[in-house]
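# could you work out the structure for the sequence below:
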Amino acid sequence: MDKSGFDRLPLEWIRAFEAAARLGSFTAAAEECGLTQSAISQRIGHLEARLGAQLFIRQARQITLTSEGEAWLPHVQGALLGLRDSTDAVFGVSRNRIAISASASVHELWVVPRMGRLAQVSGAEITLSTMVVAAGETAEEATIRIRYGGGDWPVSYAQPLYEERMSPVVASGLLGRGPWQELPRLAVAGPRPGWARWCEQTGTPTTPVPSLRFDSFSAALAAAREGHGVLLASLPLVARDLREGRLERVSDHVLHHHETYWLLGTRERVSRRQWQQLSACLTDATGAL
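All right, here's what the predicted structure looks like:
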C-alpha cells in the first residue's frame, strides 16, 4: 500500500479491526461500537482491501487473526491508546460529569458511602440513576454501569465490586427470643442464592418458610433493621450495619457465590485515567466507612 492509501484510512475502520481482534468476534465488536455485525464486517472488509492484506480468517462460528493481523494489532492498540490519552490531556476528555447507573440498593449501600472520595478524586459532577428509572438506557448513556452477573459483558472495562459472600443477620433485639433458626425469615427476589441454598449447604431446617418477601435488597435490609426477621444478607453490603451494631451475624458459615456486582465501562464514555480513578474508589471494600 502506498503512502496516499495509508493517509486515507478511516479511523472507524481501524477501530472496528481493533475491537474485533480484541474481542474475537464481529458480533461482540458490533455491540461495543454500537453498530450492526454487518457494518463491522463491511468496515473490516474495506480495510483489508485498502491494505491489500487479509486480517482475519473467517470461519463458520469464529474468526482468528492472520499472521499479518496479529503482527499489526499491538501497533494499532498502542496508537489508539496514545490518541485517547493525548486527547484526554489536551482537550479534557476526562469529562467533568459522571453518570452511574445501578440498582437502588447498590447506590444506597455501596456508592453513596464512597461518593465523598469519588467526587474529590474525580473532580466531577456525579449523577446517580437507578436501573428501574433508566430501563431504556443504552450502554452509551451512562458513564459507568453496575450490574450483577458473572462478568461476561462485551465492554472495554469490567471489574468486580467485591466477592459475594452471604450469611444470616438479624437485629440484636431478636436474639433473645430463642434459636435464630426459629425466627421469621426475610426473602429477597433476585439473582443471589436464597434460603433454599443456605439450608441445603448447612443442613438448616427449611422452615419457617419466609412470610415477608421483597423485590429489593435495601427494602429487605430495612425490615431486618426493624426486627422483622432474619435476612440472608450480602455481607459486603451490610458491613456498616454490622460494624455499627444495628445487625449481628448469627452463623460463622459463609455462602460463597460465583456472581457479584461488576463495574462496567466503555472507552467511548470513560477515559482510561478516569476508569482507574472510578474503579479505585468504587471497588475499595472499606470505602469511606
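# would you state the helices of the stretch 51-200 of the chain in chain order?
Remark: helices assigned in the stretch 51-200 of the chain by DSSP state H, counting those that start in this stretch are 67-91, 104-106, 115-122, 195-202.
# could those go into a markdown table alongside mean pLDDT?
Converted to a markdown table, the helices of the stretch 51-200 of the chain look like this (pLDDT from 0 to 100):
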| stretch | mean pLDDT |
| --- | --- |
| helix 67-91 | 85 |
| helix 104-106 | 93 |
| helix 115-122 | 88 |
| helix 195-202 | 95 |
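# and those, which is most packed in?
For these, the largest average neighbour count (mean count of other Cβ atoms under 10 Å) is found in helix 104-106, namely a mean of 20. (Glycine included, C-beta is placed from N, CA and C.)
# with distance to residue 230 added, can I get the helices of the stretch 51-200 of the chain in a markdown table?
Listed next are the helices of the stretch 51-200 of the chain as a markdown table, based on distance: least, Cβ to Cβ, whole Å:
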| stretch | distance to residue 230 |
| --- | --- |
| helix 67-91 | 49 |
| helix 104-106 | 18 |
| helix 115-122 | 30 |
| helix 195-202 | 9 |
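# so which of those gets nearest residue 98?
When the helices of the stretch 51-200 of the chain are compared by Cβ to Cβ, helix 115-122 sits nearest residue 98, at 6.2 Å.
# where does the stretch 101-250 of the chain dip in pLDDT?
132-141 (pLDDT under 70).
# returning to that earlier point: with residue 48 as the reference, name the closest of the helices of the stretch 51-200 of the chain.
helix 67-91 (9.0 Å).
# distance of residue 51 relative to residue 65?
Here residue 51 is placed at a distance of 14 Å from residue 65 (Cβ to Cβ, to the nearest Å).
# rewinding a little: go through the helices of the stretch 51-200 of the chain and name the closest to residue 282.
Of those, nearest to residue 282 by Cβ to Cβ is helix 115-122, at 6.9 Å.
# elements contacting that closest one?
Other helices and strands packing on helix 115-122, by 3 or more Cβ pairs under 8 Å, 6 or more residues apart in numbering; DSSP states H and E, are strand 125-130, helix 272-282.
# any chance of CSV for the ones you listed, columns mean neighbour count and distance to residue 41?
Below are the helices and strands packed on helix 115-122 laid out as CSV (neighbours: other Cβ atoms under 10 Å; distance: least, Cβ to Cβ, whole Å):
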stretch, mean neighbour count, distance to residue 41
strand 125-130, 14, 34
helix 272-282, 18, 28
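# closest one to residue 18 among the ones you listed?
Closest to residue 18 of these, according to Cβ to Cβ: helix 272-282, at 14.3 Å.
# what does that closest one rub up against?
81, 84-85, 88, 94-95, 98, 110-111, 114, 117-118, 121-122, 144, 146, 157, 159, 161, 263, 265, 270, 287 (Cβ atoms under 8 Å, 6 or more residues apart in numbering).
# and the angle from it to helix 67-91?
80 degrees (axes from the mean of the first three to the mean of the last three Cα atoms, to 10 degrees).
# need the nearest residue in space to residue 54, chain neighbours excluded.
residue 66 (5.3 Å; Cβ to Cβ, 6 or more residues apart in numbering).
# the one you found reaches residue 48, doesn't it?
No: if you go by Cβ atoms under 8 Å, residue 66 and residue 48 don't touch, sitting 9.5 Å apart.
# shared neighbours of these two, anything?
Common contact partners of residue 66 and residue 48 (Cβ under 8 Å, 6+ apart): 54, 55, 56.
# can you count the residues close to the last one?
Neighbour count for residue 56, taken as other Cβ atoms under 10 Å: 21.
# that one bridge partners, please.
Beta-bridge pairing for residue 56 (DSSP bridges): residue 65.
# residues in contact with it?
Applying Cβ under 8 Å, 6+ apart to residue 56 gives the contacts 20, 21, 44, 48, 63, 64, 65, 66, 69.
# before we move on, back to that, closest to residue 222 out of the helices and strands packed on helix 115-122?
Smallest distance to residue 222 across these (Cβ to Cβ): 16.3 Å, for strand 125-130.
# need the CA coordinates for that closest one. PDB is fine.
Presented in PDB, the C-alpha positions along strand 125-130 are these (Å, rounded to 0.1, in the frame of the first residue of the first chain):
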ATOM      1  CA  GLU A 125     -20.300  16.300  38.800                       C
ATOM      2  CA  ILE A 126     -21.900  13.000  39.700                       C
ATOM      3  CA  THR A 127     -25.400  11.700  38.700                       C
ATOM      4  CA  LEU A 128     -26.900   8.500  40.100                       C
ATOM      5  CA  SER A 129     -29.700   6.800  38.200                       C
ATOM      6  CA  THR A 130     -31.400   3.600  39.100                       C
END
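# done for today, thanks.
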